[in-house]
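1. I'll drop the sequence and a predicted model, then ask my questions.
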Amino acid sequence: MNEYLEAFVEESKSMITDLNNLLLELEKGGDEEVINSIFRIAHTLKGNSAAMGFDNLAELAHAVEDLLDAIRQGKTQLNNEIMNLIFEGVDSIGDLLEEVMENGAPQSNADELISRIRSELEKRVEGKVDKEETEEKGLEGEGTGVEIKIDPSSQMKGIDAMIVLKNVEEVAEIVDTSPSREEIEDGKFDTSFRLLLKGDISKIREVLQKLPQVKELIVGEKEEQEEEKCEEKEQEKEDKIKKEEEAKTEKPSPPLKRPKKEVKIRTEKIQSVRIGVQKLDELMNLVEELVVRKLKLENSMPPELRRGIERDFSVFDRVISRLQDTVMDLRLIPLKHVVDRLPRVVRDLSQSLGREIDFEIVGSDVTVDRTVLDKIQDPLIHLLRNSIDHGIEAPEERERLGKPRRGKVKLHAEKMKDYVIIEVSDDGKGLDAEVIKKKAVEKGMISPERAQEMSDEEAYNLIFQPGFSTKEKITEVSGRGVGMDIVVNTVRSLGGSVEVKSEKGKGTTVRMRLPLTMAIMQILLVGVGSEKYGLPLKDIMEVRPINRCEIRTVAGADKLIIRGGTIPVIYLSNALGVQANGGKMVVVTSSFERTVALVCDDVISQKEVVVKSLGGVLRGIRGISGVSILGEGEVVPILDVNSL
């Protein structure tokens, strides 16, 4: 895909997102400025598509624009049926843009939808689309008059005219038009329109004669004659002045010296540049390779040599760290690129499920790594589906329960240390731990005995199990038990974790903790038997030798007594299936999901490493969030404590 096509697709996608959000605002009762903004975006989409030569895409955008124009001018009333038709048109434009991105041009035909929009429009404005005849105005200004006739049988007069105008502007300046330019681009003329142009008339004629849209071209002579007369009068005036000066006998006075006008050329510095994702990824890979090579050099360097170049090596280390931080910042993208599309998702889901919902987004300006952003969209959609379908009650039921008729769903994002916290909450009916446990027993996921001893928090986590659903009937939205499973697997593959909090009758909050970046991190290297593992340093609270007297068995599970309380103990040798060498050290780690004590054989060192996520058949292995390669080439798994 060439750079112009890529720029067209990216700009158009951004406009589609803005258009969707403005349409949602309009649906809620937006003011005149909202409808004007919507109309401007639709007009730009039409113009850009026509300029790229995508006629069917431009015609669809034109049909949507005409429908919006009828609403703007009060010729038709806005209702749910019209909104659904506009949204369908916007969605189809988005689909055609996807085809442009994949194939270089639209592959589908939108004629059927265009016909439906036109028919609906004609029906609602009493059989006529806004095609009033405009009074022909005279052309004002200096230049050459040109009359251009468009094929009368054309179904896209406005788009044909727009293409003509864009080509003319490449060789001449358009001084004036008749009718107005907006009316010409909207096709509001009979079969021809007039232009007043400044430029080389031969080039103008050459360009226009090559365009298939132009059926007849008339270059006005009146303007040329008037221009010639003006030139003759100017010449006569100059000759007269010259003769008067020659007739004077007195010594001519010295010529008036006018100060030279200083020409100031204003220059502007380029403040930003657009960089392709592929180049950013390549730069990130090079930085990762540099970090690995630095580690290898550090490990292979003899101590006496290291002492000799300690200062230079320290500077080298700082430069690499600064380069790494800069590249990391370049990869950070605001969350709004994903969440701005979600209001439309909520609107469509609430309509299909018969819910009335107010959706709020807080923290859309929080930035996260591009890799995280790419993968988080599906989990967010699944969480919203779960809130709307399972959480929010029907409007009538909410009124019966004394709740507001409209349910509330909120997405809240904030940064916390090296993580971003994203919460999806609702004020629905909440989770029923007993119903969840009963369903899990029926499906054979847990035993009745285990169900009896499970806490409510443990029961809530069952909703993330593959195939689990409390829905009796499978619908298009839910019932298959795959949505929440996708959420937890995706978040864990990113090195994050998920927590559920709920209160029966009041609502549910699902909290995701995600790393700001996945590429490079500080780890604590620990030994278990003959194996080495990495623990994220940001989660570690304390490291100390183990004291067996501080470990007590409570309800069949070992607990570590620490600061007047107890925390669960995980023996890494048992959790990872590795032969231990005594278990001499304990590492206390904490995340918002839980605080645990990890028993290992040895604490080796702190390392800055490049982390790669697991793919293929290795994806989703419990307890492992990724792997790293040490300087000496040794592969080390990075542990995910929350899933051990």
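-> Great, that's in hand. Since this is a predicted model, take the numbers as computed values, not measurements.

2. can you pull the contacts of His316?
-> No, residue 316 isn't His; it's Phe. By CB atoms under 8 Å, 6 or more residues apart in numbering, the contact list for Phe316 reads Lys294. Just so you know, the C-beta spots here come from the backbone N, C-alpha and C atoms, and that holds for glycine as well.

3. give the contact list for Lys13.
-> Applying CB under 8 Å, 6+ apart, we find Lys13 in contact with Gly94, Leu97.

4. try Ile174
-> Contact partners of Ile174, counting by CB under 8 Å, 6+ apart, are Leu165, Val168, Arg181, Leu195, Leu196, Leu197.

5. pLDDT below threshold where in this protein?
-> 1-3, 125-138, 153, 155, 220-272, 470-483, 518-519, 591-593, 614-620, 631-633 (pLDDT under 70).

6. residue nearest the centroid of it?
-> His337 (2.4 Å; CA atoms, centre = their mean).

7. need the contacts of Ile174 in a markdown table with neighbour count, can you?
-> Below are the contacts of Ile174 laid out as a markdown table (neighbours: other CB atoms under 10 Å):
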| residue | neighbour count |
| --- | --- |
| Leu165 | 18 |
| Val168 | 20 |
| Arg181 | 16 |
| Leu195 | 25 |
| Leu196 | 22 |
| Leu197 | 25 |
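
8. Show me which of those residues is closest to Asp111.
-> Nearest to Asp111 among those: Leu165, at 25.2 Å, using CB to CB.

9. How is this structure partitioned into domains?
-> Using automatic domain parsing, the domains assigned to the chain come out as 3-124, 144-220, 277-333, 335-515, 520-643.

10. ok so, going back, excluding covalently adjacent residues, which one is nearest to the residue nearest to the centre of the chain?
-> Leu373 (6.5 Å; CB to CB, 6 or more residues apart in numbering).

11. The one you found: which element?
-> Following DSSP states H and E, one finds Leu373 within helix 370-386.

12. Next, the buried residues of the helix or strand just after that helix.
-> Using DSSP H and E, the next helix or strand after helix 370-386 towards the C-terminus is helix 395-400. Neighbour-count burial for helix 395-400, counted by 16 or more other CB atoms under 10 Å, picks out Pro395, Arg398.

13. And for stretch 140-153?
-> Going by 16+ other CB under 10 Å, stretch 140-153 has these buried residues: Gly143, Thr144, Gly145, Val146, Ile148, Ile150.

14. Output the helix holding Leu373 as PDB - backbone C-alpha positions only.
-> Output of helix 370-386 as PDB, limited to C-alpha atoms (Å, rounded to 0.1, in the frame of the first residue of the first chain):
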ATOM      1  CA  ARG A 370       1.300  -0.600  21.300                       C
ATOM      2  CA  THR A 371       1.500  -4.400  21.800                       C
ATOM      3  CA  VAL A 372      -0.800  -4.100  24.900                       C
ATOM      4  CA  LEU A 373      -3.200  -1.800  23.000                       C
ATOM      5  CA  ASP A 374      -3.500  -4.200  20.100                       C
ATOM      6  CA  LYS A 375      -4.500  -7.100  22.300                       C
ATOM      7  CA  ILE A 376      -6.800  -5.400  24.800                       C
ATOM      8  CA  GLN A 377      -9.700  -4.500  22.500                       C
ATOM      9  CA  ASP A 378     -11.400  -7.900  22.500                       C
ATOM     10  CA  PRO A 379     -11.200  -8.400  26.300                       C
ATOM     11  CA  LEU A 380     -12.800  -4.900  26.700                       C
ATOM     12  CA  ILE A 381     -15.700  -5.800  24.400                       C
ATOM     13  CA  HIS A 382     -16.300  -9.100  26.200                       C
ATOM     14  CA  LEU A 383     -16.400  -7.300  29.500                       C
ATOM     15  CA  LEU A 384     -18.900  -4.800  28.200                       C
ATOM     16  CA  ARG A 385     -21.000  -7.600  26.800                       C
ATOM     17  CA  ASN A 386     -20.900  -9.300  30.100                       C
END
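
15. Give me the helices and strands touching that helix, please.
-> Packed against helix 370-386 by the contact rule (3 or more CB pairs under 8 Å, 6 or more residues apart in numbering; DSSP states H and E) you find strand 332-334, helix 336-339, helix 342-353, strand 407-416, strand 419-426, helix 483-493, strand 507-515.

16. That helix: how far from the chain's middle?
-> 11 Å (CA atoms, centre = their mean, to the nearest Å).

17. now it against strand 507-515, angle please.
-> Using axes from the mean of the first three to the mean of the last three CA atoms, to 10 degrees, the inter-axis angle of helix 370-386 relative to strand 507-515 is 170 degrees.

18. Helix 370-386 to strand 419-426, inter-axis angle?
-> On the basis of the same axes, to 10 degrees, helix 370-386 is oriented at 10 degrees to strand 419-426.

19. Show me the contact partners of helix 370-386.
-> With CB under 8 Å, 6+ apart, helix 370-386 has contacts from 277, 280, 331-333, 335, 337-339, 341-342, 345-346, 349, 368, 409, 411, 420, 422, 424, 477-478, 483-484, 486-487, 490-491, 493-494, 510, 512, 514-519.

20. Among those, name the buried ones.
-> Among these, those classed as buried by 16+ other CB under 10 Å are 331, 335, 337-339, 341-342, 345-346, 349, 368, 409, 411, 420, 422, 424, 477-478, 483-484, 487, 490-491, 493-494, 510, 512, 514-519.

21. Check the contact between Lys166 and Asn48; I expect there is one.
-> No: using CB atoms under 8 Å, Lys166 makes no contact with Asn48, being 10.5 Å away.

22. Which one of the two is surrounded by more residues?
-> Just comparing Lys166 and Asn48: by other CB atoms under 10 Å the higher neighbour count belongs to Asn48, 18 against 13.

23. Now for the more buried one: which residues touch it?
-> Contacts of Asn48 (CB under 8 Å, 6+ apart): Phe8, Glu11, Ser12.

24. show me the contacts for the last one.
-> I take that to be Ser12. Taking CB under 8 Å, 6+ apart, we find Ser12 in contact with Leu45, Asn48, Ser49, Ile93, Leu97.

25. All good on my end, thank you.
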